[in-house]
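**Q** I need the structure of the sequence given here:
(2 chains)
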Amino acid sequence: MAQQQQGTSAQDGSLIALIGDEDTVTGFLLAGVGHKDFRQNTNYLIVDSKTTTKEIESTFLSFSQRTDVAIIIIAQNVANEIRHLIERYDKAIPAILEIPAKDQPYDPSQDTMLTRVKTLLGIQ
Amino acid sequence: MSGAGNRYVVVPTVTVLAVIKNRLTGAKKGHQLLKKKADALNMRFRQILKRIMETKEKMGVSLRESNFALTEAKYTAGDSVKHTIVDSVKEASVRVAAREDNVAGVKVPVFERNDLDSSQEKNSELFGLSKGGQKVSSAKDSFQKTMDLMIELASLQCAFVTLDEAIKTTNRRVNALEHTIIPKLENTILYIKGELDELEREEFFRLKKIQGKKQEAKERQEKEDKEKELATLSNGKQVDPFAGAGNLGDLLSSPGLTDNDIIF
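**A** Numbering: from 1, shown residues only, chains lettered A, B, ... in the order given. Got it, this is the predicted structure:
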């Protein structure tokens, strides 16, 4: 399961993809996560009220198929819109991380990964 | 001893018996080893589960702090700073490198932060140059700290998915060995042993039977011989007593013979 760096990023190390609301994405871009390749393809998607579910779906799918992406960070409110895709997703790499969205309280029971973990630990 | 259906189709010979016995020892050894592997994986799995829960909580807290820092930065540096940030994206300076960790023969990916000193690093130092630069840089630090937690969490999740799959496969193998292959081999051994015993009994019985037949034949022969001997002996004696009978002549028809005892 070695990470292959193909195409877009020539340097070593894989990228972290982002899907979320503007503030969350901005914060991580400030930290230096953002990447833009020579075709102006980005590794992040800012979701606002105008973004359609279809757009989110296709972005998520393209991120999960990119070989230079190791982690996909996705805000919970966005994750809820494409829950069916996340639940069906079973690959180890890229790993999907659900994070609380900025303007919404975090609901652990909606997190697919956390629900699985809790079931296995016998908490629920 | 279950039905004859639950065994391998083999020719019941001593050679095959030895082969099957070897396979049984192999299967038992493999079963033990796989069970140990499953235990090791399970132990690691539980640790990872606990750590995922902890890290997830930590990440939530850290993210809230980061968001607060960002709000502060936006307040001091003006709302337009976020457009500046988004527009200045060129190349990722925060990257992850994947390394492999070995847990009981299962390769588990582990992510490590691998920063690049790119131009953006210097670029971002200019954010909020006019005002609120300090707040912007503290927000940046805060997000980078959150990033560390997220990378850790991602690597834990990765390990979780990989181990989950590995545990399922191992358990399937352990169960297959325990419930299908080992009983099947044992049944085959029983079958071959039974069949060999049967053959031996058959052979023994045949030998006995042949011996009996031979004995019988021998006795019959002896009897016949004796009879023959007896016959020859009695034949000789029989000739003798009747040898002089011709001389007696016909007692009744002899005309000159007058015997008072003969009435007619």
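**Q** could you give the number of residues near the residue of chain A found nearest chain B?
**A** In chain A, the residue that lies nearest chain B is residue A:13 (3.1 Å; C-beta to the nearest C-beta). In short, each C-beta sits where N, CA and C put it, glycine included. Counted by other C-beta atoms under 10 Å in any protein chain shown, the residues lying close to residue A:13 total 23.
**Q** now it: closest residue in space that isn't a chain neighbour?
**A** Counting by C-beta to C-beta, 6 or more residues apart in numbering or on different chains, residue A:13 lies nearest to residue B:95, which is 3.1 Å off, once chain neighbours are set aside.
**Q** count of neighbours near the one you found?
**A** 27.
**Q** just the pLDDT for it.
**A** pLDDT for residue B:95: 76.
**Q** say whether chain B is contacted by stretch A:30-48.
**A** Yes - counting by C-beta under 8 Å from any C-beta of the partner chain, chain B has neighbours in stretch A:30-48: A:30-36, A:42-44, A:46.
**Q** tell me which of the residues you listed fall in helices.
**A** Among the residues of stretch A:30-48 next to chain B, DSSP state H puts A:30-31 in helices.
**Q** using TSV, lay out the residues of stretch A:30-48 next to chain B together with distance to residue B:180 and neighbour count.
**A** Converted to TSV, the residues of stretch A:30-48 next to chain B look like this (distance: C-beta to C-beta, whole Å; neighbours: other C-beta atoms under 10 Å in any protein chain shown):
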residue	distance to residue B:180	neighbour count
A:30	58	29
A:31	53	23
A:32	54	25
A:33	50	26
A:34	54	26
A:35	51	27
A:36	56	17
A:42	52	18
A:43	48	24
A:44	51	25
A:46	54	18
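**Q** what about the helices in chain A?
**A** Using DSSP H, helices in chain A cover A:22-31, A:53-65, A:76-81, A:83-88, A:112-121.
**Q** the lowest-mean-pLDDT helix or strand in chain A near chain B at all?
**A** When each helix and strand of chain A is scored by mean pLDDT, DSSP states H and E, helix A:112-121 comes last, with a mean of 76. Yes - judged by C-beta under 8 Å from any C-beta, helix A:112-121 and chain B are in contact via A:113-114, A:117-118, A:120-121.
**Q** for that helix, which residues meet the burial criterion?
**A** A:113-114, A:116-118 (16 or more other C-beta atoms under 10 Å in any protein chain shown).
**Q** do the same with stretch A:48-59
**A** A:51, A:56, A:59.
**Q** of the residues you listed, list those near chain B.
**A** Answer for the buried residues of stretch A:48-59 near chain B: none qualify (C-beta under 8 Å from any C-beta).
**Q** state the distance from the residue in the stretch 51-200 of chain B that chain A sits nearest to to residue B:185.
**A** Nearest residue of the stretch 51-200 of chain B to chain A (C-beta to the nearest C-beta) works out as residue B:95 at 3.1 Å. Per C-beta to C-beta, to the nearest Å, residue B:95 is found 52 Å from residue B:185.
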